[in-house]
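Trainee: this one's sequence-less:
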């Protein structure tokens, strides 16, 4: 049985300068559309053995189609869920542009459940999953799975310059020069 679950991306998880996005591929203890939940620690073995620090076998896809659009740079479990950092390759340019635009903002994962038990809603609680891939998807099964931020380097620098100029205007007799 292959299980898929999803997470929605937020604007602050997109680092434009390096074509990197961050977010949660899974959020713990949230019932998805199939009434299934992932439990804390269920991805630990996959991350260790198959993640970027292991054999680097977990893929980054669009809509679970077996054609990588980039690479997974980081996977970690925290108190909230499975945190992902991924970098888009040139093949994923169209998908990357849609993420920047905001028309794509959800994550999903696919894997094989190794340990699970039925939960009180008739779905499954997953305790150990062999993770195959994480995808950017059109529609998430778990509405909590999303990109959690967007970062546009040019906008960030302009905001910092604006703060600098605002603060500088309070200081008399000082000269500031913008360097781009």
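Mentor: Received, thanks. In this text the structure is predicted, and so the values were computed from the model without any measurement.

Trainee: Quickly find the element holding the residue most central in space within the chain.
Mentor: Centroid-nearest residue in the chain, with CA atoms, centre = their mean: residue 23, separated by 2.8 Å. In the assignment (DSSP states H and E), residue 23 maps to strand 20-27.

Trainee: ok, what's across the strand from the residue lying closest to residue 59 once chain neighbours are set aside?
Mentor: Closest residue to residue 59 apart from its sequence neighbours, by CB to CB, 6 or more residues apart in numbering: residue 133 at 4.2 Å. In this view, the C-beta of every residue, glycine as well, is placed from N, C-alpha and C. Listed beta-bridge partners, residue 133: residue 59, residue 110 (assigned using DSSP bridges).

Trainee: go on, the one 4 residues further on?
Mentor: Following DSSP bridges, residue 137 is listed with bridge partners residue 106.

Trainee: quick check, residue 99 in a helix?
Mentor: Yes - under DSSP: H, G, I helix; E, B strand; the rest coil, residue 99 sits within a helix.

Trainee: tally of neighbours for it?
Mentor: For residue 99, the tally of surrounding residues (other CB atoms under 10 Å) stands at 26.

Trainee: so it makes contact with residue 136?
Mentor: Yes - between residue 99 and residue 136 there is a contact under CB atoms under 8 Å: 6.4 Å.

Trainee: picking that back up, which is the next helix or strand following the strand holding residue 23?
Mentor: strand 37-38.

Trainee: And that following strand, what does it pack against?
Mentor: Secondary-structure packing of strand 37-38 (3 or more CB pairs under 8 Å, 6 or more residues apart in numbering; DSSP states H and E): strand 124-137.

Trainee: Distance from the chain centre to the strand holding residue 23, please.
Mentor: Taking CA atoms, centre = their mean, to the nearest Å, the mean C-alpha location of strand 20-27 is offset from the chain mean by 2 Å.

Trainee: tell me what it is packed against?
Mentor: Contacting strand 20-27 under the criterion 3+ CB pairs under 8 Å, 6+ apart are the following elements: strand 3-8, strand 11-15, strand 81-88, strand 106-118.

Trainee: wait, the residue nearest to the centre of the chain sits on residue 146?
Mentor: Yes - at 5.8 Å, residue 23 counts as touching residue 146 under the criterion of CB under 8 Å.

Trainee: What sits closest to residue 36 if chain neighbours are left out?
Mentor: Nearest to residue 36 is residue 123, by CB to CB, 6+ apart, at 4.2 Å.

Trainee: How confident was the prediction at the one you found?
Mentor: On the pLDDT scale, residue 123 is placed at 94.

Trainee: This completes my enquiry, with thanks.
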